[in-house]
Each structure stands twice: as structure tokens, then as C-alpha cells.
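Student: predicted model and sequence below, questions to follow.
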Amino acid sequence: VQLQESGPGLVKPSQTLSLSCTVSGGRLTTPYYYFSWMRQAPGKGLEWMGAIGYSGTTSYSPSLKSRTSISRDTSKNQFTLQLTSVTPEDTAVYYCVREGRTSDGDYIASDYWGRGTQVTVTA
């Protein structure tokens, strides 16, 4: 399984950040996998942003929920992150990740990661 992020490396403040992740070697609809977005800002730890499950259900970090949307295109085997009203604090390396979960949705492990893409928010 391979995941590859794509999107602009520079975003201006107040704009919407949009990233896509193309998955190969595995399907977005395979039970019980979830596909998530993580980020790591300079000098900080990894932050889970949200995920979309095999059935299309979404979940988000409470701290980002008001600004985050994750969607998917199963025909392209891609899922997308949109983060609105960005500020310089959203500057980070963004990763797309596959998570293995139980049938109840309980997290097991993140087994495949994209290489990450740097996004810088600057005027």
C-alpha cells in the first residue's frame, strides 16, 4: 500500500488549504480501514486532524472540527483534506495515513503513511 499527498506548498492567511491523498495497492472502502490526516508543526508533535472510514463516515479532532472537512472520491481512490481560514499556525508537514481499526471503530495501528508534504501559510 502506498499513499501520496499532493497540493500547494504555499497558502495565504485566511484561505483554504486543500490536500489530496492518492492511495494505491489498497481500497478506501476495505473494512475496517480508516484514512486520516496528521500534521506536525515545527518543533511540535504529531497532531491527528481527522479521518474518513471505509463506509464514508468522518470524524474530526475537536480542536479543528470547525475548520476541517475530509471527503473522498472512491473512483479515484483519493481522499481530500480541506482546512479553512488558515493562519501561520497551520504551517506544518501534512501526512495522510491508513489506520487499522476494529469493527467497532477502535484504533489498532497506523500501518501506512505518505511521505508528507510541507505546507507553509504566509502572506
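Tutor: In hand now; what should we look at? Residues are numbered from 1 along each chain as shown.
Student: what does the lowest-mean-pLDDT helix or strand in the chain contact?
Tutor: Least confident helix or strand of the chain, by mean pLDDT, DSSP states H and E, is strand 107-113 with a mean of 94. Strand 107-113 is contacted by residues 1-3, 26, 36, 95-102 when judged by C-beta atoms under 8 Å, 6 or more residues apart in numbering. Bear in mind the C-beta positions are built from the backbone N, C-alpha and C, glycine included.
Student: go again with 10 Å.
Tutor: 1-3, 5, 23, 25-26, 32-36, 38, 46, 48, 51, 95-102 (C-beta atoms under 10 Å, 6 or more residues apart in numbering).
Student: what about residue 90, how many residues nearby?
Tutor: Number of residues near residue 90 (other C-beta atoms under 10 Å) recorded here: 19.
Student: which residues touch it?
Tutor: Residue 90 sits in contact with 11, 13, 17, 39, 41, 64, 67, 83, 119, 120, 121, where contact means C-beta under 10 Å, 6+ apart.
Student: for it, give its distance to residue 81.
Tutor: 11 Å (C-beta to C-beta, to the nearest Å).
Student: where do the contact lists of those two overlap?
Tutor: Common neighbours of residue 90 and residue 81 (C-beta under 10 Å, 6+ apart) are 17, 39.
Student: just to revisit the earlier point, out of the contacts of residue 90, who's the most crowded?
Tutor: Using other C-beta under 10 Å as the neighbour criterion, residue 83 leads those with 24 neighbours.
Student: bridging across strands, which residues link to that residue?
Tutor: Judged by DSSP bridges, the bridge partners of residue 83 are residue 17, residue 68.
Student: residue contacts, it?
Tutor: 11, 15-19, 37, 39, 49-50, 64, 67-70, 90, 94, 119, 121.
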